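>>> got a structure for you, letters missing:
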């Protein structure tokens, strides 16, 4: 495929479909929602959600009303939940677009509960959103519009963390209070701790997109993306030279650098300066010097000269180097890498 | 002003105008371009560029052809330069939109030089883009369409760095070869090293937007932005609790947390977890726990209870805490902070 002359994020929708199926098939009830907030973690909410719906997903979660309205432009049928809940003044929009708020506090419950279906978020240990367990027990066990109770695991990416069992136990108790109402606890990481975390509906996000759900085991998910960028200029080095801002790196006489059209304004994290690799022709190429706003330099001396053509592209996320490798080098998580990929990076779907 | 119920970046265009005037007035020839690439460093290229044009700026620099075409939608008159040069196949677009390429290598020169005005980039020590000094001396001193020669300083934010004087000396020699052609060397930082760095045209970017141009002196620029976000939920803490993913922080019984609607998907860097502050009512409020994708928690216990209203907003960049403070905490530079602010953050102009 001929790619446009700009940085691109190629998204393999078939791998996302496979990842969804793998996740769903782990659940006893074979039922899994998909979390597609933040533009499906930067990969493109429309294409990703349509793929997941075709794969059988019936429940989608986004962050806020604006994202939900965008979702409704291309999907009017799926169940659609808003994690951030509902604000005063938004009720008519939620009704008009058939959006299900995840109710996070009692004021929201009061404002919404007669208006339509809702999910109820009970905080079992994140201390972020949700009503307290005490508040939950004081609510009636049945309410006509209460369709789902959810809670959120804080440490599920580390299965051995003591907090997982604590949150599970608490959520089990609460789900008994709301007997007959569907329950959802497991995010991507929760899916892999054990079936007792699964309840009625899985709720994966990151693992759909190939991010490892678990820091203690090999990643069972398929990589779904390739991030690459074209070359602006090759530079044959005539004499040992400093490279980039701050002159933080030197390059030897006889080396060849490629100045590549991707920088931190494209979400390529600046702390990968002198600290990461690109690939071309399966050869690993070190980044030399600081990442600039719109470009960076890689040493391409190892590539046979006849391959150093104008249309060569340097790959930064691919099968050899999935997003988690980049995230480790940048001292963060794959979620941040994906969600910050910028607007100049064209998304391409296959 | 009533702000929308979402994270916002308020941009004070009057401060950008003042910053431009301060920079221009430092130059002997009172002539300064503006660098507005990467959507004017994330602040909004249209509003920012129109403000700068009204303030007398006649020359604008963007990164690539796509940004130049966007610029031409609202400004058909200003001189418009593309830093990344020109690719094969783009010539007719450059002509149609009256765009001036910054020629970075001899193949580009060959491709473009008969077609219209151009700038020539000579590399004096960045080893990133541009022809070598040796190549420059071999070119004819005059060419009918050569309007500007430029070079770029690698270490200008550190005036005492040995490299500044080296690059200056080299550029002076080269500008003698191209006598009669306008010359531009100083980025924001270069403006403040000394008038001998100014040549005919200043070329500031970051300092227009309030970022400090100089790591060794107090910042002479005005802060231009306020980054703030609304509150999703207040949480009264009944018993000591873990907060957020990984349970990295605890909060005491009796505290009040606010869950704030901004996260790393909005460009709020995740390494600010447990490591930065918000402001409300001029009270400094610590971030507690990890920054999530769509939200983060701050401890608002110090705020008088009657002020903890639904419409309170938490400010993360403001006059008390300009972007450089956030950048220091995040171990990066203000440029990266600004250019990664995401699409869910609404830009508001005043």
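Received, thanks. For clarity, every value in this text was computed on a predicted model and none was experimentally measured.
>>> for residue A:39, give its distance to chain B.
8 Å (CB to the nearest CB, to the nearest Å). From N, CA and C alone the C-beta is placed, and that goes for glycine too.
>>> on contacts alone, who are the packing partners of whichever strand or helix holds that residue?
According to DSSP states H and E, residue A:39 maps onto helix A:37-41. Using 3 or more CB pairs under 8 Å, 6 or more residues apart in numbering or on different chains; DSSP states H and E as the contact criterion, the elements in contact with helix A:37-41 are helix A:45-54, helix A:65-72, helix A:334-339.
>>> now the element after the last one, going C-ward?
Downstream of helix A:334-339, the next assigned helix or strand under DSSP H and E is strand A:346-349.
>>> mind checking how far that next one is from the chain centre?
Relative to the chain's own centre, strand A:346-349 is displaced by 16 Å; criterion: CA atoms, centre = their mean, to the nearest Å.
>>> and the longest strand belonging to chain A, what's buried?
Longest strand in chain A, counting residues (DSSP state E): strand A:225-236. Applying a neighbour-count criterion of 16 or more other CB atoms under 10 Å in any protein chain shown, one finds A:225, A:226, A:227, A:228, A:229, A:230, A:231, A:232, A:233, A:234, A:235 buried in strand A:225-236.
>>> what about residue A:180, how many residues nearby?
8 (other CB atoms under 10 Å in any protein chain shown).
>>> got the residues of the stretch 151-300 of chain A near chain B?
Within reach of chain B by CB under 8 Å from any CB of the partner chain, the stretch 151-300 of chain A has these residues: A:154-155, A:158, A:161, A:163, A:232-233, A:235, A:237-238, A:241-247, A:251, A:257, A:259, A:261, A:264-265, A:267, A:269-271, A:289, A:292-295, A:297.
>>> which of these fall in helices?
Judged by DSSP state H, helices contain the following of these: residue A:163.
>>> give me the buried subset of the residues of the stretch 151-300 of chain A next to chain B.
A:154-155, A:158, A:161, A:163, A:232-233, A:235, A:237, A:241-247, A:251, A:257, A:259, A:261, A:264-265, A:267, A:269-271, A:289, A:292-295, A:297.
>>> take the residues you listed and keep only those in strands.
Using DSSP E, the subset of those located in strands is A:232, A:233, A:235, A:241, A:242, A:243, A:251, A:257, A:259, A:297.
>>> you'd agree the third one is up against residue A:259?
Just to be clear, that refers to residue A:235. Yes. Using CB atoms under 8 Å, residue A:235 makes contact with residue A:259 at a distance of 6.6 Å.
>>> which residues are in contact with each of those two?
Shared contacts of residue A:235 and residue A:259 (CB atoms under 8 Å, 6 or more residues apart in numbering or on different chains): residue A:297.
>>> which one is residue A:318 nearest to, not counting chain neighbours?
The shortest distance from residue A:318 to any residue other than its chain neighbours is 4.8 Å, reached at residue A:226 (CB to CB, 6 or more residues apart in numbering or on different chains).
>>> quick one: neighbours of residue A:10, just the number.
Other residues within reach of residue A:10, judged by other CB under 10 Å, total 19.
>>> so how far is the strand or helix carrying it from its chain's centroid?
Per DSSP H and E: residue A:10 is located in strand A:8-11. With CA atoms, centre = their mean as the basis, strand A:8-11 stands 14 Å off its chain's centre.
>>> and it, average pLDDT?
Averaged over strand A:8-11, pLDDT sits at 98.
>>> for the stretch 1-150 of chain A, which residues are neighbours of chain B?
With the criterion set to CB under 8 Å from any CB, the stretch 1-150 of chain A comes near chain B through A:5-6, A:37-39, A:41-42, A:63-64, A:66, A:83-85, A:87-88, A:104-105, A:125-129, A:132, A:134.
>>> of these, grab the buried ones for ChimeraX.
With 16+ other CB under 10 Å as the burial test, the buried ones among those are selected in ChimeraX as follows:
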select /A:5,6,37,38,39,41,42,63,64,66,83,84,85,87,104,105,125,126,127,128,129,132
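>>> could you point out the helix or strand that follows the helix or strand where residue A:169 lies?
Element membership for residue A:169 (DSSP H and E) is helix A:162-177. Next in sequence after helix A:162-177, counting helices and strands by DSSP H and E, comes strand A:182-184.
>>> are there helices or strands packed against the helix or strand just after that next one, and which ones?
In the C-terminal direction, the helix or strand that comes right after strand A:182-184 (DSSP H and E) is helix A:188-191. Where contact means 3+ CB pairs under 8 Å, 6+ apart, helix A:188-191 is packed against helix A:13-26.
>>> just checking, what packs against the helix it packs on?
Short answer (3+ CB pairs under 8 Å, 6+ apart): helix A:13-26 packs on helix A:45-54, helix A:188-191.
>>> just to revisit the earlier point, of all the ones in strands among the buried ones among the residues of the stretch 151-300 of chain A next to chain B, which two lie farthest apart?
Farthest-apart pair in those is A:232 and A:242; separation 18.7 Å (CB to CB).
>>> from what I can see residue A:249 touches residue A:274, true?
Yes. Shown here, residue A:249 and residue A:274 form a contact pair, counting by CB under 8 Å, at 5.5 Å.
>>> what comes into contact with the helix holding residue A:39?
Under CB under 8 Å, 6+ apart, the answer for helix A:37-41 is A:45, A:47-49, A:61-63, A:67, A:83, A:205-206, A:209, A:335, A:338-339, B:265, B:293-294, B:343-344.
>>> circling back: tell me which of residue A:249 and residue A:274 has more neighbours.
Comparing residue A:249 with residue A:274 by neighbour count (other CB under 10 Å), the higher total belongs to residue A:249, at 19 against 15.
>>> residues in contact with residue A:31?
Residue A:31 makes contact with A:24, A:200, A:201, A:202, according to CB under 8 Å, 6+ apart.
>>> and the second one, that one's in a strand?
No. With DSSP: H, G, I helix; E, B strand; the rest coil as the criterion, residue A:200 is located in coil rather than a strand.
>>> for it, which non-adjacent residue is spatially closest?
The shortest distance from residue A:200 to any non-neighbouring residue, by CB to CB, 6+ apart, is to residue A:182 (4.2 Å).
>>> was I right about the one you found contacting residue A:148?
Yes. Using CB under 8 Å, residue A:182 makes contact with residue A:148 at a distance of 4.9 Å.
>>> name the residues contacting each of those two.
By CB under 8 Å, 6+ apart, the residues touching both residue A:182 and residue A:148 are residue A:201.
>>> which one's more surrounded, these two?
Neighbour totals were compared for residue A:182 and residue A:148, and residue A:148 leads with 24 against 18 (other CB under 10 Å).
>>> I'd like the distance between the more buried one and residue A:111.
Per CB to CB, to the nearest Å, residue A:148 is found 18 Å from residue A:111.
>>> give me the neighbour count for residue A:115.
By other CB under 10 Å, 14 other residues sit near residue A:115.
>>> just residue A:200 next, same as before
Close neighbours of residue A:200, defined as other CB under 10 Å, add up to 16.
>>> what's the answer for the one 3 residues further on, then?
Applying the criterion other CB under 10 Å, we find 24 residues in the vicinity of residue A:203.
>>> same check on residue A:346?
Residue A:346 has 14 neighbouring residues, counting by other CB under 10 Å.
>>> just residue A:147 next, same as before
Using other CB under 10 Å, the number of residues around residue A:147 comes to 16.
>>> residue A:5 contacts residue B:87, doesn't it?
Yes. Residue A:5 is within contact range of residue B:87, at 5.6 Å (criterion: CB under 8 Å).
>>> check contacts around residue A:207.
Contacts of residue A:207 by CB under 8 Å, 6+ apart are A:19, A:23, A:188, A:189, A:191, A:213, A:221.
>>> what of residue A:342?
Going by CB under 8 Å, 6+ apart, residue A:342 touches A:265, A:266, A:267, B:339, B:340.
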